[in-house]
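>>> return a 3D structure for these sequence lines:
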Amino acid sequence: MYQKVSGHYIPFTSEAIFVDKIPLVDMPIVILHEQAHQSGYANEGEQAL
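Down below sits the predicted model:
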């Protein structure tokens, strides 16, 4: 079930994960969003596309 949580970043392991049940058109945005967290942008507003 998709509950509008499409990805998650785990800072302790530097792991970015995403839900594979999201619409295919949203997947690149979610991946880039989580990669922004890996790059050091912790604030959701700073790395929102």
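>>> so what's the residue nearest the centre of the chain closest to, chain neighbours aside?
Geometric centre of the chain, nearest residue: residue 34, 3.2 Å, by Cα atoms, centre = their mean. If the residues on either side of it in the chain are set aside, residue 34 comes closest to residue 16, at 3.5 Å by Cβ to Cβ, 6 or more residues apart in numbering. (Each C-beta comes from the backbone N, C-alpha and C, glycine too.)
>>> measure the one you found to residue 36 for me?
Separation of residue 16 from residue 36 (Cβ to Cβ, to the nearest Å): 9 Å.
>>> same check on residue 22?
Distance, residue 22 to residue 36, by Cβ to Cβ: 17 Å.
>>> find me the pLDDT at residue 47, would you?
For residue 47, the model assigns a pLDDT of 65.
>>> how far out from the middle of the chain is the longest helix along the chain?
Assignment by DSSP state H gives helix 27-38 as the longest helix of the chain. Mean-position distance between helix 27-38 and its chain equals 4 Å (Cα atoms, centre = their mean, to the nearest Å).
>>> check which helix or strand covers the residue nearest to residue 34.
Per DSSP states H and E, residue 16 falls inside strand 15-18.
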